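Visitor: Okay, sequence plus prediction incoming.
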Amino acid sequence: MRKKVLSVLLCTAMAATMLTGCGGSADDTNKGTDNNATSGASSATSEKKSTAQVSDGGKVLNIRCWNDEFKSRIEDHYPGYKKTGKWKGKIGDVEVKWTMVANEGNAYQDALDQALLNQADAKADDKVDMFLVEADYALKYVNSDYTVDVVNDLGVSEDSLSNQYKYTQDIVRDAEGKLKGSSWQACPAGMIYRRDIAKKVFGTDEPDKIQEIFSDWDAFKEAAAKLKDKGYLATASVNDAYRVFSNNVTSKWVEDGKINIDENIKTWVDMSKEMVDNKETATYDLWSSDWSKGFMKSGNVFAYFGPAWFFNFSMSADKKGSVGIDGGWALCKGPQSFYWGGTWICGANGTDNSSLVKDIIEKMTTDESIMTDIVKKDNDFANNKSAMDTLSKDKSFKNTILGGQNPLPIFCDGIESIDLSNLSSYDQGCNEEFQKAMKDYFDGNADYDAALEQFYQSVETKYPDLTH
């Protein structure tokens, strides 16, 4: 019974993913051609197994994605790519077809799973060649036969991958140590704060000085009280800081089949409850309209937590009246280093364009000149130590959203401390259900024990093999 449940777990555990990976959801769905999306399709990764089979000679390169971020990277940076339509392109004699299904409601995974389930019987021009995954559900695909080994199956050299950050590879290594994906980006994160509020409350907006004021969580709480006295929220929501705590746990969500709540998660609960009661933060859901009001100058939110993609793509920096449009944000490490999100390229088992998949992975995730160009043109944080070290020391490299600050030294300083040893396939479900259950406690609609019981019931319904 347990083996069966765990098989299902790898297929369904990572549903309804939180907006991640540089921009997250898209406004329009089902671009390209996709008639196979069904709500029950997530059984693909457990119902059908196969050994790695890759070949060349395909006429169409089919790429699955949930937004147009990677497409724009390919269009702008991959040598020889020609755009022939919004969701079509050409590389040499091979037509490139992009199929985009937005993340909401697990639609992307469902559609992808159905396509992978049908892969063996699909016509040559319909075979999935490459698809993208996020950290929150990467394990589902990494530990299946629907992804191929980047090194041994596709032929990407170990040497070319040696400049990548270790944690980005750890996320996509299967239980046997095979590398099942590769990313052009890394996502170390920090505390993004408003310069004008910093000057009013703390007398300075300099990142080094603000870092001293927010050096740890005790200091953070002291600073939050000062912000509140001046009419400002420290953060828009308790959920803004959640990933900082969940990224720094010392144990897994599940140990020996039992749900485990790490001490760091408990610390987040205690701090959050205190701050909500003191009206120093709120309990809005991430990405909600109330939570987003702090992106605007009319808002009263001092700080958000996030990586480069967050302030570049998610803080309305191109919108009139926003803080970012005039360079009103700045970055410091904050109380603890952490990471958030990322996007990985996976080669699909059964691809008939293996050499092209290999070349895209090599150029887009290991070529230092291309990755440097991505950073300069797109303000991304590249998954290349050499490129990032060079640009972090480049005084001419500046981010306009951050008032001309170069954020790379801060990100480079924190990235090596990222530890994924406590990552598990239950993480997304447990994290989402825990935050959801604690909202009632923070809002005063339930005591802690009742909220905790709600969490246990939700998780055990989602994962029947678990107990507490």
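Guide: Right, received. Where do you want to start?
Visitor: alpha carbons only for contacts and neighbour counts from here, please
Guide: OK.
Visitor: Check the spacing between the most centrally placed residue in the chain and residue 137 real quick.
Guide: Note on the chain: the residue nearest the mean C-alpha position is residue 341, at 1.5 Å, using CA atoms, centre = their mean. Per CA to CA, to the nearest Å, residue 341 is found 11 Å from residue 137.
Visitor: likewise residue 433?
Guide: With CA to CA as the criterion, residue 433 and residue 137 are 15 Å apart.
Visitor: Looking at those two, which has the bigger crowd around it?
Guide: It is residue 137, of residue 433 and residue 137, that has more neighbours when counted by other CA atoms under 10 Å, with 25 against 18.
Visitor: pLDDT score assigned to that one?
Guide: What the model reports as pLDDT for residue 137 is 87.
Visitor: Pretty sure it sits against residue 424.
Guide: No. In this structure residue 137 lies outside contact range of residue 424 using CA atoms under 8 Å: 9.7 Å.
Visitor: Strands of the stretch 301-450 of the chain, start to end?
Guide: 301-307, 329-332, 338-339, 343-347 (DSSP state E, counting those that start in this stretch).
Visitor: Same question for the stretch 1-150 of the chain.
Guide: 60-65, 81-85, 88-91, 94-100, 128-134.
Visitor: As JSON lines, the ones you listed with mean pLDDT, distance to residue 401 and mean neighbour count would be great.
Guide: JSON lines is the format used below for those (pLDDT from 0 to 100; distance: least, CA to CA, whole Å; neighbours: other CA atoms under 10 Å):
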{"stretch": "strand 60-65", "mean pLDDT": "98", "distance to residue 401": "27", "mean neighbour count": "24"}
{"stretch": "strand 81-85", "mean pLDDT": "98", "distance to residue 401": "29", "mean neighbour count": "14"}
{"stretch": "strand 88-91", "mean pLDDT": "98", "distance to residue 401": "32", "mean neighbour count": "18"}
{"stretch": "strand 94-100", "mean pLDDT": "98", "distance to residue 401": "29", "mean neighbour count": "22"}
{"stretch": "strand 128-134", "mean pLDDT": "97", "distance to residue 401": "25", "mean neighbour count": "23"}
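Visitor: Tabulate these in a markdown table, adding columns for distance to residue 175.
Guide: Output for the strands of the stretch 1-150 of the chain, formatted as a markdown table (distance: least, CA to CA, whole Å):
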| stretch | distance to residue 175 |
| --- | --- |
| strand 60-65 | 24 |
| strand 81-85 | 35 |
| strand 88-91 | 34 |
| strand 94-100 | 29 |
| strand 128-134 | 18 |
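Visitor: picking up where we left off before, to residue 273, which of the strands of the stretch 301-450 of the chain lies closest?
Guide: Nearest of the strands of the stretch 301-450 of the chain to residue 273, taken as CA to CA: strand 301-307 at 17.9 Å.
Visitor: Who does that closest one pair with, and is each partner parallel or antiparallel?
Guide: Applying DSSP bridges, strand 301-307 is found paired with strand 188-194 (antiparallel), strand 233-235 (parallel).
Visitor: Tell me which of these lies nearest to residue 321.
Guide: Once the strands paired with strand 301-307 are compared by CA to CA, strand 188-194 is nearest, at 13.8 Å.
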